[in-house]
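Enquirer: with the input below, show me the fold.
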Amino acid sequence: MKDRADALVAAFVETLGEERPELRAATDVRAWSGGDDDIEAHTLGAADVVVAFGGTDALRAIRARCAADAAFVPFGHRASAGYLTAAALAGNTVALAAGIARDALLYDGDGCLSLHLLFIERAADGAHERFVDALAGACADNAVEFPPGPRKPARAARVGTYAAAAAVRAANGNGRVVRAPDGAWTIVVDPPGEDLPPFGGGVIPVVFVDDIAGAAEYVQRHALPLQALGVAAVDGARELAERLGAVRITPFGEMQNPPLAGHHGGRARIADFIRWTDRA
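Expert: Numbering: from 1, shown residues only. Here you go, the predicted model:
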């Protein structure tokens, strides 16, 4: 395994070894800079299965170093979204807002299972607008229980630029911005359809739509590969997940809690790691 700069993987493996020493003995964790020819040529070239996470260029470079017959399991960048129906706005919006805030802000919103975008159906009585206030209150509460970690300068700058642009639009009567005084979380209401969300950093872009078609058009326009889709009620959400291309449907508040038996990225978990023998 390639470790992170903060040695998180090594720490996890040491903890794993306390429970299963044989797994610790079979695991080698190292840290190196991407593109290190010697380490990657040896490690990747000798592996039967290579699992890689990263952008398109990084995945292509890693694949080129693998053995010709190696199984390559790539996981490119993915995002997750939420969809709130007008009918759900008539229910317990406090609980819904708390779940959405947790999905978006837990782990600073940096994972592919974090809620990066929220679609809300317009309601005739304006409930979709009022829900933004409930969500802001839930974000404030969540920040007390789970304060954000240190922000990388580049991420902080990108979030600040996105929020500043949204504030200018709001001042001109387009959309709305609700933000914590310390910038721990930011809600941007009705951002321009051509703008991509910043994907994490405590930002929740809220896009008002009339129906599923509006959300599907947004996802397709930006070619967003969706990992998880948060909903108020899983029952009846199959069409929604299919239209948006999500590989997992889950109630709000559970997006960051995937089941062990789930299919991350829509893949079978162990199929690439075993050799099949078919008997006639």
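Enquirer: touching, D108 and G149? I think so.
Expert: Yes. With contact defined as C-beta atoms under 8 Å, D108 reaches G149; the gap is 5.6 Å. (Glycine included, C-beta is placed from N, CA and C.)
Enquirer: higher neighbour count, the two?
Expert: Counted by other C-beta atoms under 10 Å, D108 and G149 do not tie: D108 has more neighbours, with 21 against 9.
Enquirer: need the pLDDT of that one.
Expert: With respect to pLDDT, D108 scores 87.
Enquirer: what do you get for A26?
Expert: Model confidence at A26 (pLDDT) stands at 93.
Enquirer: do I39 as well
Expert: The model's pLDDT for I39 equals 86.
Enquirer: residue contacts, it?
Expert: R30, W32 (C-beta atoms under 8 Å, 6 or more residues apart in numbering).
Enquirer: buried residues, the helix or strand harbouring it. List them.
Expert: Secondary structure from DSSP states H and E places I39 in helix 37-45. By neighbour count on 16 or more other C-beta atoms under 10 Å, the buried set for helix 37-45 is E40, T43, L44.
Enquirer: which of these sits closest to G230?
Expert: Among the buried residues of helix 37-45, L44 lies closest to G230 (C-beta to C-beta), at 35.5 Å.
Enquirer: apart from its chain neighbours, what residue comes closest to the closest one?
Expert: R65 (4.1 Å; C-beta to C-beta, 6 or more residues apart in numbering).
Enquirer: state the distance from that neighbour to W32.
Expert: To W32, R65 is 13 Å away according to C-beta to C-beta, to the nearest Å.
Enquirer: residues shared between the contacts of these two?
Expert: E40.
Enquirer: okay, the two: which has more neighbours?
Expert: Counted by other C-beta under 10 Å, R65 and W32 do not tie: R65 has more neighbours, with 16 against 12.
Enquirer: who's in contact with the more buried one?
Expert: E40, A41, L44, G45.
Enquirer: would you list those residues in CSV and tack on distance to P191?
Expert: Shown next, in CSV, are the contacts of R65 (distance: C-beta to C-beta, whole Å):
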residue, distance to P191
E40, 39
A41, 44
L44, 40
G45, 45
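Enquirer: rewinding a little: closest one of the buried residues of helix 37-45 to A156?
Expert: E40 (31.1 Å).
Enquirer: pull the contacting residues for that closest one.
Expert: Contacts of E40 by C-beta under 8 Å, 6+ apart are W32, I62, R65.
Enquirer: could you give the number of residues near V206?
Expert: So V206, with other C-beta under 10 Å, has 24 neighbours.
Enquirer: which one of the contacts of E40 sits closest to G193?
Expert: I62 (34.2 Å).
Enquirer: and the closest one, how many neighbours?
Expert: 20.
Enquirer: in which helix or strand would I find it?
Expert: Short version, using DSSP H and E: I62 is in helix 56-65.
Enquirer: pLDDT averaged over that helix - what is it?
Expert: In this model, helix 56-65 carries a mean pLDDT of 92.
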